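Trainee: The sequence and its predicted three-dimensional model are supplied below.
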Amino acid sequence: MPEFGLLGRSLQHSFSQTYFSQKFDSLHLADHHYELFELPFIDALPELLGQHPNLRGLNVTIPYKEQVWPYLSEVASSAARVGAVNVIEFAPDGRLIGHNTDVVGFRISLSGFLPPDFTGRALILGSGGASKAVEVALRDLGIGCWVVSRNPMGTGLTYAELTAQVLEDHLLIINATPLGTYPNIEQFPPIPYETLTPQHYLFDLIYNPSETEFMRRGQAQGAQTKNGFEMLCLQAEAAWEIWTGGRE
């Protein structure tokens, strides 16, 4: 009975189980199952693996995309260039191989959101594993960016440094923080929303709720917005390809 699942700390917001359960049903894979594995700490992973010998693949989400690294046998180039893992492949010989499908999922979804002639720069809100994947995807697309975090970094900006001029110079803003995720839907990144314009594009990696406070505040200023549901689907399909080698 092949088993798959999502590894994270708090997973009540996740659609992954529904997504893969529907996929298994559509492929007539009645013996396949997808579970949610909430771990209080990453060091509980070996015990989890021992309890689930039929695991064939795992997705990884906040806050373990970077913390899971020491538990892997190796990492694929997709994860190595990001420094974060969101997919674990269970090789037939027992190796655990880390991959990153966030990059391709975000890159394709963003490309369908921005106009073909977009030449602006981007701000990435957040500095975690998802932010790193976004940064790599933007680099692939030739879009310059700054990472914005609460605390000063060697390279990047703090929220306090987001002036009207900074936002005028960065027409693409990506929320790669969990702020606004269900059930804490009233939260939002602290940026000067009043300086946004109809020329701005706001992409929120969050997909539950489908419209976040970050998106709503952007829409109120005329900005274009998109959530992370398409990215979720794209990265999930890429994960399935890794787990099955395209066999199923």
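Mentor: Thanks, I have the structure now. Numbering: from 1, shown residues only.
Trainee: so who does residue 222 touch?
Mentor: Residues near residue 222 by Cβ atoms under 8 Å, 6 or more residues apart in numbering: 196-198. Using the backbone N, CA and C atoms, a C-beta is placed for each residue, glycine as well.
Trainee: who wins for most neighbours among those residues?
Mentor: Scoring those on neighbours with other Cβ atoms under 10 Å, the highest-scoring entry is residue 196 at 23 neighbours.
Trainee: quick one: pLDDT of the nearest residue to that residue once chain neighbours are set aside?
Mentor: Residue nearest to residue 196 in three dimensions, not counting chain neighbours: residue 221, with 3.8 Å by Cβ to Cβ, 6 or more residues apart in numbering. Listed pLDDT for residue 221 reads 98.
Trainee: State the number of residues packed around residue 221.
Mentor: Neighbour count of residue 221, defined by other Cβ under 10 Å: 14.
Trainee: Would you agree it is in contact with residue 194?
Mentor: Yes - with contacts counted by Cβ atoms under 8 Å, residue 221 reaches residue 194, the gap being 7.1 Å.
Trainee: where do the helices sit along the chain?
Mentor: In the chain, the helices defined using DSSP state H lie at 16-26, 45-51, 64-67, 77-80, 102-113, 129-141, 164-169, 213-219, 229-244.
Trainee: Among these, single out whichever gets nearest to residue 177.
Mentor: Of all the helices of the chain, helix 129-141 sits nearest to residue 177, with 8.0 Å by Cβ to Cβ.
Trainee: same question for that closest one, mean pLDDT?
Mentor: Summarised as a single mean, pLDDT over helix 129-141 is 94.
Trainee: Return the list of helices and strands in contact with that helix.
Mentor: Using 3 or more Cβ pairs under 8 Å, 6 or more residues apart in numbering; DSSP states H and E as the contact test, the elements touching helix 129-141 are helix 64-67, helix 102-113, strand 122-125, strand 145-149.
Trainee: right, and out of the contacts of residue 222, which lies closest to residue 21?
Mentor: The closest of the contacts of residue 222, once distances to residue 21 are taken by Cβ to Cβ, is residue 196, at 38.0 Å.
Trainee: State the distance from that closest one to residue 224.
Mentor: Counting by Cβ to Cβ, to the nearest Å, the separation of residue 196 from residue 224 is 10 Å.
Trainee: Overlap in contacts, the two.
Mentor: Common neighbours of residue 196 and residue 224 (Cβ under 8 Å, 6+ apart) are 202, 218.
Trainee: re the thing from before, of all the helices and strands packed on helix 129-141, which gets the most neighbours per residue?
Mentor: Of all these, strand 122-125 carries the top mean neighbour count, a mean of 25, counting by mean count of other Cβ atoms under 10 Å.
Trainee: Report the spatially nearest residue to residue 56, omitting neighbours in sequence.
Mentor: Excluding the flanking residues, the one nearest residue 56 by Cβ to Cβ, 6+ apart is residue 2, at 4.6 Å.
Trainee: Residue 32 is in contact with that neighbour, correct?
Mentor: Yes - if you go by Cβ under 8 Å, residue 2 and residue 32 touch, sitting 5.1 Å apart.
Trainee: Leaving out chain neighbours, which residue sits closest to residue 110?
Mentor: Residue nearest to residue 110 in three dimensions, not counting chain neighbours: residue 203, with 6.2 Å by Cβ to Cβ, 6+ apart.
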